[in-house]
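Engineer: any chance you can model this:
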Amino acid sequence: MSKAREFVDFWVENSIHAVEQYRTAGASQDVAELTQRLVEAAKGQGISEADLQAEIGEISDYIADRLKATNDAERERRKLT
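Structural biologist: Residues are numbered from 1 along each chain as shown. Presented below is the predicted three-dimensional model:
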């Protein structure tokens, strides 16, 4: 697994939250804001935006897909309770 992929997976797990998740501070639903946060965090770890794109494709599209999946999973979880 590449350093960029490992970082993206970690960042997504810790930074993308469903809107319904108890109004978690920082649970932004703004794709542009989340994209900027990911790029800035990656740069802090020595991972370039080009490295991210090589690993996940268009960053904003990837973030939008992960955000949708997270929100969908939360909606399903709430239906079951």
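Engineer: can we go C-alpha only for contacts and neighbour counts from here?
Structural biologist: OK.
Engineer: tell me the contacts of the residue nearest the centre of the chain?
Structural biologist: Nearest residue to the geometric centre of the chain (CA atoms, centre = their mean): residue 12, 3.6 Å. Going by CA atoms under 8 Å, 6 or more residues apart in numbering, residue 12 touches residue 66.
Engineer: so which helix or strand takes in it?
Structural biologist: In this assignment (DSSP states H and E), residue 12 forms part of helix 3-15.
Engineer: next, the buried residues of that helix.
Structural biologist: Along helix 3-15, these residues count as buried under the neighbour rule (16 or more other CA atoms under 10 Å): 4, 7, 8, 12.
Engineer: and the residue nearest to the centre of the chain, what's its pLDDT?
Structural biologist: Residue 12 is assigned 95 on the pLDDT scale.
Engineer: what are the ranges of the helices in the chain?
Structural biologist: All helices of the chain, identified by DSSP state H, fall at 3-15, 31-44, 49-56, 59-80.
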